[in-house]
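1. next comes the sequence, and after it the predicted model I'd like to discuss.
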Amino acid sequence: MGIQSNVEVQTEWGIVSARQAGRNLAKEAGFSSVDQARIATAISELARNIYLYANNGEIIIEFLENENVSPPRRGIKITARDEGPGIDNIRNAMEDGYTTSGGLGAGLPGVKRLMDEFDIDSRSGVGTEITAIKWLR
Amino acid sequence: MRIPILKLHKYLLISVQVELDDQTALQFQEDLLNKIHQEGSLGVVIDLTSVEMIDSYIAKVLGDVVDMSNLMGAKVVLTGIQPAVAITLIDMGIMLHEVPTALDLEQGLEKLQQELED
C-alpha cells in the first residue's frame, strides 16, 4: 500500500480535513479505534499549530512499511511542514502547559505522547517540520 | 454549522452529532450561553457519544463553556465520552478535573438533579 495523503492547511477547515484523512488512513492500515483517535488527535494538534503560527502549510500522512526488520513493521507517518516563523524555543514548546496562544499548552508534548516517534526541525524565520510515527502493534 | 440545543423543562440537552471544527465549537459556546440566559435553565447535559476525537482546542472550549455556564448559575454535565476519547485526552495530559461527567444522558440528568438538590 503506497497510500499517501497531502492536505493543505490554510483555514480551520484544513485542520478538519487533515485529521479526517489521517483517521481514514489509520483505519485502512488496521489501527485500533483508540490508535485511530490518537493519530487523528495528533494530526489535529499539528495542523492547528500550522494554522495558528504559520498561517499555512501542509500535513502529509503516509503509510510506512519497513521490511528490513523481522517481522516487518508497518505504521503511519505524519509530516507537518510550514514556512512560518519557526519555533524560538523548542524546549519551552515541548513543556506541558506552555502556550503562546492562550491554549492549554498540551499540543506538542501531547503529540509526542500520542505517537511512538517524534522529531522537530525548526529554524527561526525559515519554518518548521515535525514528523511523528505510530507503529502498528 | 450549528449544534441544536433542546429544552426540557428547566434543563437544556445537547447531543453533539457533527465533527467539531473550531468555528462550530465557538458558535456552540455562544449559542448555549444565550439559551441558558433566555430560558433561565438550571442545568445542561452535553452528550458526546458521537464525538470520535477531542483535541486540546476542543477540550479547552468544552472546559470553558462549563466554567462560563457555572458563572451564569447553570450546572453542566458532559456525558458519553467514548473510551478512545478518554484515553487520548489523558495521553495528552488533559484532565478536565472540575468538569462533572456521567456515562450517558440518563445518568447525566440524574447527576444534575442531585447537584441541584444539594
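-> Good, I have the coordinates.
2. for the helix or strand of chain A at the bottom of the mean pLDDT ranking, packing partners?
-> For chain A, counting by mean pLDDT, DSSP states H and E, helix A:90-93 ranks last in confidence among helices and strands (a mean of 84). Taking 3 or more CB pairs under 8 Å, 6 or more residues apart in numbering or on different chains; DSSP states H and E as the contact definition, the neighbouring helices and strands of helix A:90-93 are strand A:117-123. For the C-beta atoms, the positions are set from N, CA and C on the backbone; glycine is no exception.
3. the strand it packs on: what's the following helix or strand?
-> Using DSSP states H and E, the helix or strand that follows strand A:117-123 towards the C-terminus is strand A:127-135.
4. on that earlier part again, need the residues that contact the least confident helix or strand of chain A.
-> By CB atoms under 8 Å, 6 or more residues apart in numbering or on different chains, the list of residues contacting helix A:90-93 from outside reads A:I87, A:Y98, A:L108, A:I120, A:S122.
5. now the following helix or strand past it: buried residues?
-> As assigned by DSSP H and E, the chain's next helix or strand after helix A:90-93 is helix A:107-114. With burial defined by 16 or more other CB atoms under 10 Å in any protein chain shown, the residues of helix A:107-114 counted as buried are A:G107, A:L108, A:P109, A:G110, A:V111, A:K112, A:R113, A:L114.
6. relative to A:I120, how far out is the spatially closest residue to B:N70 that is not a sequence neighbour?
-> Excluding the flanking residues, the one nearest B:N70 by CB to CB, 6 or more residues apart in numbering or on different chains is B:V76, at 7.1 Å. Summarising the geometry, the distance separating B:V76 from A:I120, computed by CB to CB, to the nearest Å, is 37 Å.
7. between the two, who's got more neighbours?
-> Higher neighbour count among B:V76 and A:I120: B:V76, with 24 against 17, using other CB atoms under 10 Å in any protein chain shown.
8. may I see the buried residues of the helix or strand where the more buried one lies?
-> For B:V76, the enclosing helix or strand under DSSP H and E is strand B:75-79. In terms of neighbour count (16+ other CB under 10 Å), strand B:75-79 has its buried residues at B:K75, B:V76, B:V77, B:L78, B:T79.
9. of the residues you listed, just say which sits nearest to chain A.
-> The closest of the buried residues of strand B:75-79 to chain A turns out to be B:L78 (CB to the nearest CB; 16.2 Å).
10. and that closest one, what does it touch?
-> The contact partners of B:L78, by CB under 8 Å, 6+ apart, come to B:I46, B:L48, B:L62, B:V66, B:L96, B:V99, B:P100, B:T101, B:A102, B:G108.
11. any idea how far A:E62 is from it?
-> From B:L78 over to A:E62 (counting by CB to CB), the distance is 35 Å.
12. circling back: which ones are touching the residue nearest to B:N70?
-> Listed by CB under 8 Å, 6+ apart, the contact partners of B:V76 are B:G43, B:V44, B:V45, B:I46, B:V65, B:V66, B:S69, B:N70, B:V99, B:P100.
13. tabulate the contacts of helix A:90-93 (JSON lines), appending pLDDT.
-> Formatted as JSON lines, the contacts of helix A:90-93 follow (pLDDT from 0 to 100):
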{"residue": "A:I87", "pLDDT": "87"}
{"residue": "A:Y98", "pLDDT": "84"}
{"residue": "A:L108", "pLDDT": "91"}
{"residue": "A:I120", "pLDDT": "95"}
{"residue": "A:S122", "pLDDT": "91"}
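14. next, the buried residues of the least confident helix or strand of chain A.
-> By neighbour count with 16+ other CB under 10 Å, helix A:90-93 contains the buried residues A:A93.
15. how about the spatially most central residue of chain B, secondary structure?
-> Closest to where the C-alpha atoms of chain B average out (CA atoms, centre = their mean) is B:I46, at 3.5 Å. Look at B:I46: counting by DSSP: H, G, I helix; E, B strand; the rest coil, its state is strand.
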